[in-house]
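# Model the structure of this input:
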Amino acid sequence: MRQHTTTTANTPGSTSTTATAARATTSPPPATPATGPTPPPTPKPPYTHMKKKQILITAALAALLCLAPRVQAQDDRRPVRVALTTNTLPYALLAPNLGVEVFVSPRLSLALDGVYGWWGYPDGNTIIENWSIGGEARYWLRPDGRYLGHHLGLGIRSGQYDVAWNDPGRRGQFTLAGINYGHTWVLRRRWTVDAGLGLGYVRAKYDKYQWHPDTRCYERLAAGRVKNTFGLTDLHVSISYRF
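Got it, this is the predicted structure:
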């Protein structure tokens, strides 16, 4: 800003000074386009990313199975009473699991297992989480009490899941009940491999949601949906050690 000064003599020995300041101009702020009201998205309950804990649990289960033969000092020909099992398929989804099977008669055994894979992932648009507990009553077709070969069973499983894969996600509870078929082979001494599948009733109650990467929140699209169907209720390739 530049300043100009003018001096005028009125009387001898006196002067008057008039200062004129330049006007400063200020441009108005740019107009902000109007936007309609946006409903706030429903936030998803926070989950802690526990990758280290998951690795420790998986390693502990593997070590438990590897150390099982060392705690057995008896003859391998003794009657089978109980088995420690793990299904290899859920490990593809980073879901370690452990089960116990009790042999109650030459043709009957009872199995119980649990799966935990509720870890969370950094990308909110890619989620595969689940936990469940299941049981099965097995009838063995061979009567010799070795619990090998073909077997039939009645199985049930219940738990929770949260699945989203670049599409609207689904989070809820499920219950499965079906008829299972499997076959067991000897792997080495008291180590066995069991493969099988099951078909039956599937019930799921879930909420449908959408991930918003700009706000990093989840918007609920639908709540309390129920789906009843007939489908796959069991799929396993399990490794077990028999005590």
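# Now L89. Its backbone dihedrals?
For L89, the backbone dihedrals (degrees, to the nearest 10) come out as phi -70, psi -40.
# gap between it and G153?
17 Å (C-beta to C-beta, to the nearest Å). In short, each C-beta sits where N, CA and C put it, glycine included.
# which of these two has more neighbours?
Applying other C-beta atoms under 10 Å to L89 and G153 shows that G153 carries more neighbours, namely 21 against 14.
# and the more buried one, what pLDDT?
Here the pLDDT value assigned to G153 is 98.
# which SSE is it in?
Assigned by DSSP states H and E, G153 belongs to strand 149-165.
# Mind giving me the packing neighbours of that strand?
On a contact count with 3 or more C-beta pairs under 8 Å, 6 or more residues apart in numbering; DSSP states H and E, strand 149-165 meets strand 126-140, strand 169-188, strand 191-212, strand 217-242.
# And it, what's buried?
151, 153, 155-157, 159, 161-164 (16 or more other C-beta atoms under 10 Å).
# Check those and tell me the two furthest apart.
H151 and A164 (36.3 Å; C-beta to C-beta).
# so how far is R170 from the nearest residue in space to D207 that is not next to it in sequence?
Of all residues not flanking D207 in the chain, A223 sits nearest, at 4.9 Å (C-beta to C-beta, 6 or more residues apart in numbering). Distance of A223 to R170, computed by C-beta to C-beta: 11 Å.
# One more: R78?
Taking C-beta to C-beta, one finds R78 at 48 Å from R170.
# quick one: which of these two has more around it?
The neighbour comparison of R78 against R170 (other C-beta under 10 Å) goes to R170, with 19 against 10.
# for that one, what are its contacts?
Taking C-beta atoms under 8 Å, 6 or more residues apart in numbering, we find R170 in contact with 161-164, 206-209.
# got it, and H151?
138-141, 181-184, 196.
# What is the nearest of these to S132?
Comparing those against S132 with C-beta to C-beta places G196 closest, at 16.8 Å.
# Correct me if wrong: the closest one contacts W185.
No: G196 is not in contact with W185 according to C-beta atoms under 8 Å; the separation is 11.8 Å.
# Cheers, nothing more for now.
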